[in-house]
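[1] 3D model of this:
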Amino acid sequence: MLGALLSGVLTQLQHSWYLILPGFIILGIFVFLKSPTGKGMIGEMLINFTVNFKLDKNKYHLIRNVTFPTEDGTTQIDHIIVSEYGIFIIETKNMAGWIYGGEKQKTWTQKIYKHTAKFQNPLHQNYKHIKTLESALKIDIKKIFSVIVFAGNSTFKTEMPNNVIKSDKIIDYIKSKTEKIISSENVEKAINIIETGRLPKTLKTHRNHIDNVKSIIKQKAE
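    Okay, here's the model as predicted:
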């Protein structure tokens, strides 16, 4: 009698679990997409789709999620576009609210209603990417263009440099560079150097990079 009762309870729990599990999965996905990592992935996916769909692949070569070794650890670049018109280093920010900042300010401000948050000037952040690539490619820095793309539902409340743009303007910005400043041979050479010089595109590489960033932030705070 007791055995039959326990069996019935276990069977009922199993059926309930099958019903509850999808809800937990959906909730987990929702929480992840709301996290900074999830928002970053959405922003990068939007840029990937836009570039792949609207730029001629024969003229513009997109390389995504590139992690390069540096003197103090590693640096991670969201997108690199290599072309005869220059090399574009794209830093993506998926943020909402009002954005305040200036070209030379150390930190910028995000304001959503009464909530205010500071974040590193993305132009300064991208400068490290540019210097890393300049060193790796042995190329004139004037042929490398820094591009900051805000992919979220944000509004600039201060005047921004022309290379700080919303995601719907990225193609216009890239196509505004019409002078061929890199030979086709050097384009192929740059692509090869980036692909062979990057660290493996693995979860371990990403985790090591995150740990390195946390360590640098801790050292600066101390």
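
[2] ok, Lys180 - contacts?
    Contacts were defined as CB atoms under 8 Å, 6 or more residues apart in numbering; by that measure Lys180 touches 84-85. Yep, even glycine has a C-beta here, placed from its N, CA and C like the rest.

[3] can you check the pLDDT for it?
    At Lys180, the predicted lDDT confidence score is 97.

[4] would you map the helices across this structure?
    Counting by DSSP state H, the chain forms helices over residues 2-34, 36-54, 122-137, 170-175, 184-197, 203-221, given from the N-terminal end onward.

[5] lowest average pLDDT across the ones you listed?
    Across those, the lowest-scoring stretch is helix 2-34, with a mean of 51.

[6] so Ile170 versus Val147, what's the distance?
    Distance from Ile170 to Val147, counting by CB to CB, to the nearest Å: 7 Å.

[7] now Gln110
    Separation of Gln110 from Val147 (CB to CB): 19 Å.

[8] anything in contact with each of Ile170 and Val147?
    With contacts defined as CB under 8 Å, 6+ apart, the residues adjacent to both Ile170 and Val147 are Ile90.

[9] hmm, Glu179 is touching Tyr85, no?
    Yes - taking contacts as CB atoms under 8 Å, Glu179 lies within contact range of Tyr85: 6.8 Å.

[10] what does stretch 152-166 rub up against?
    Residues outside stretch 152-166 that contact it (CB under 8 Å, 6+ apart) are 39, 43, 93-103, 110-111, 122-123, 145-151, 173.

[11] in that stretch, which residues are buried?
    Applying a neighbour-count criterion of 16 or more other CB atoms under 10 Å, the buried positions in stretch 152-166 are 152, 154, 160, 163-165.

[12] quick check, nearest of these to Lys54?
    Proximity of these to Lys54, judged by CB to CB, is greatest for Ile165, which lies at 14.4 Å.

[13] separation between the residue nearest in space to the middle of the chain and Asn126?
    For the chain, the residue whose C-alpha lies nearest the mean C-alpha position (CA atoms, centre = their mean) is Asp78; its distance is 4.0 Å. Using CB to CB, Asp78 is found at 9 Å from Asn126.

[14] mutual contacts of the two, please.
    By CB under 8 Å, 6+ apart, Asp78 and Asn126 have these common neighbours: Glu91.

[15] now Ser183: phi and psi?
    Main-chain torsions, Ser183, degrees, to the nearest 10: phi -70, psi 160.

[16] and it, what does it touch?
    If a contact means CB under 8 Å, 6+ apart, then Ser183 has Glu84 as its contacts.

[17] ok, it to Lys189 distance?
    Distance, Ser183 to Lys189, using CB to CB: 9 Å.

[18] swap in Thr107?
    In this structure, Thr107 lies at 37 Å from Lys189, with CB to CB as the measure.

[19] which one's more surrounded, the two?
    A count of neighbours by other CB atoms under 10 Å puts Lys189 above the other of Thr107 and Lys189, at 16 against 12.

[20] OK, contacts around Ala136?
    Residues in contact with Ala136, defined by CB under 8 Å, 6+ apart, are 68, 193-194, 197.

[21] so which of the residues you listed comes closest to Tyr60?
    Taking CB to CB as the measure, Ile194 is the one of those closest to Tyr60, at 14.0 Å.
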